[in-house]
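Undergrad: sharing a sequence plus its predicted fold:
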Amino acid sequence: GEQVEQLPSILRVQEGSSASINCTYENSASNYFPWYKQEPGENPKLIIDIRSNMERKQTQGLIVLLDKKAKRFSLHITDTQPGDSAMYFCAASGNMGYKLTFGTGTSLLVDP
Amino acid sequence: DMKVTQMPRYLIKRMGENVLLECGQDMSHETMYWYRQDPGLGLQLIYISYDVDSNSEGDIPKGYRVSRKKREHFSLILDSAKTNQTSVYFCASSLQDEQYFGPGTRLTVL
């Protein structure tokens, strides 16, 4: 199977600064790495993803990096706003029929 | 507008009772999933369904079973619920890799 480790579990930053969340995976066959944002009482929502044929992807203040050699991927939120405060989950999926293995989540708090 | 629905949203049951959680999607997605979410553990896959009557165990299937008789519906069944099955249950569906989650069902087993 797959194991995904996510750090940190809690992250507190000042508004306007950047925030970074890191994940590592074990299965070198994993080829799809999504990131989900979950607000309290809500469902997880896909915010950005990256596939193994890319090293970097950027959209609307979010950057994801993938280092296949190190089996590590990361989410970087630039210019954080209070609305970015939420739980963030990374996940990895390989050649196992779209099964996603999730990290344990990062609680991000952006102080105004 | 793509949508995954779950019913009920909240449910309280006593230990030993049967539980039925329903999930629907209007996107004709072949693949559907049931997860549970507990604090500090993230989302854990219970079952995955690749199409009608084509179901596979996920990482934590013990104590659960599923039913998929129509592509748009996927049910999670707890026969004789246990207190440690108190959790938030999410259903999801996908066309390929991208999974879309329903609003969740908060189940309390007393």
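TA: Good, I have the coordinates.
Undergrad: pLDDT weak spots in the chain?
TA: Defaulting to chain A. A:95-97 (pLDDT under 70).
Undergrad: not what I meant, chain B
TA: Checking chain B against pLDDT under 70 turns up B:1.
Undergrad: contact residues of chain B facing chain A?
TA: B:31, B:40-45, B:48, B:50, B:56, B:58-59, B:90, B:94, B:96-104 (CB under 8 Å from any CB of the partner chain). From N, CA and C alone the C-beta is placed, and that goes for glycine too.
Undergrad: whichever of the residues you listed end up buried, select them in ChimeraX.
TA: Provided next is the ChimeraX selection string for whichever of the residues of chain B next to chain A are buried by 16 or more other CB atoms under 10 Å in any protein chain shown:
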select /B:31,42,43,44,45,48,58,90,94,97,99,100,101,102,104
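Undergrad: up against chain B, what does chain A have?
TA: So chain A meets chain B at A:1, A:6, A:9, A:32, A:34, A:36, A:42-46, A:49, A:89, A:91, A:93, A:97-105 (CB under 8 Å from any CB).
Undergrad: paired strands for the strand of greatest length in chain B, with orientation please.
TA: For chain B, the strand with the greatest residue count under DSSP state E is strand B:42-51. Sheet pairing here is set by DSSP bridges, and for strand B:42-51 it gives strand B:31-38 (antiparallel), strand B:54-57 (antiparallel).
Undergrad: which residues does the residue nearest the centre of chain B contact?
TA: Nearest residue to the geometric centre of chain B (CA atoms, centre = their mean): residue B:34, 3.2 Å. Residue B:34 is in contact with B:21, B:23, B:45-48, B:58, B:64, B:66, B:74, B:76, B:89-91, counting by CB atoms under 8 Å, 6 or more residues apart in numbering or on different chains.
Undergrad: which of those fall within strands?
TA: Reading strands off those with DSSP E, I get B:21, B:23, B:45, B:46, B:47, B:48, B:66, B:74, B:76, B:89, B:90, B:91.
Undergrad: among those residues, which one has the most neighbours?
TA: residue B:74 (31 neighbours; other CB atoms under 10 Å in any protein chain shown).
Undergrad: that one and residue A:69: what is the separation?
TA: For residue B:74, the distance to residue A:69 equals 38 Å [CB to CB, to the nearest Å].
Undergrad: tell me which stretches of chain A form strands.
TA: With DSSP E as the criterion, chain A has strands spanning A:4-7, A:10-14, A:19-25, A:32-38, A:45-51, A:56-59, A:62-67, A:72-77, A:86-93, A:100-102, A:106-111.
Undergrad: columns mean neighbour count on top of those, output as a markdown table?
TA: Formatted as a markdown table, these follow (neighbours: other CB atoms under 10 Å in any protein chain shown):
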| stretch | mean neighbour count |
| --- | --- |
| strand A:4-7 | 18 |
| strand A:10-14 | 13 |
| strand A:19-25 | 21 |
| strand A:32-38 | 22 |
| strand A:45-51 | 16 |
| strand A:56-59 | 12 |
| strand A:62-67 | 18 |
| strand A:72-77 | 20 |
| strand A:86-93 | 25 |
| strand A:100-102 | 25 |
| strand A:106-111 | 17 |
